[in-house]
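**Student:** Any chance you can model this:
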Amino acid sequence: MSFGFTDKVLTCRDCGTQFVFTAGEQQFYADKGFTNEPSRCPTCRQAARARRSGRGDAPAYRSREPREARQDRPMYPAICSDCGRETMVPFLPRQDRPVYCSDCFRARRTVSSGY
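**Tutor:** Have a look, this model is predicted:
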């Protein structure tokens, strides 16, 4: 059912090879409301999808520092403002700010987020 569509030859933006954008694929794109033609050949499209999936590239999952640097950060002793337990934190505690152990911090975060 590819009314009005004919096969097109496109050039992949990644590898430069030519590939066919079939009438059926064009119909699928139109049905989905896609307005742009594919810019990658099927092989490069699959490779790009594989690079994106499972790596956690969304900004919320990206670390600001490499994992090794986080493990080497200095830790400072503190007393939890909630339960009074001794704890270690990755920042220098200040007297004017509360400091929480990981359990109390997690509990407060869960309550404040509504989960």
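**Student:** buried residues in stretch 27-36?
**Tutor:** residue 29 (16 or more other CB atoms under 10 Å). All C-beta spots, glycine's among them, are computed from the backbone N, C-alpha and C.
**Student:** start to end distance for it?
**Tutor:** For stretch 27-36, the separation between the terminal residues is 12 Å (CA to CA, to the nearest Å).
**Student:** can you check stretch 32-41 too?
**Tutor:** End-to-end distance of stretch 32-41 (CA to CA): 19 Å.
**Student:** ok, now stretch 14-28?
**Tutor:** 23 Å.
**Student:** now that stretch: mean pLDDT?
**Tutor:** Averaged across stretch 14-28, the pLDDT comes to 93.
**Student:** Tell me the first helix or strand C-terminal of the worst-scoring helix or strand of the chain on mean pLDDT.
**Tutor:** One helix or strand of the chain scores below all others by mean pLDDT, DSSP states H and E: helix 67-71, with a mean of 60. Scanning forward in sequence from helix 67-71 by DSSP states H and E, the next helix or strand is strand 76-79.
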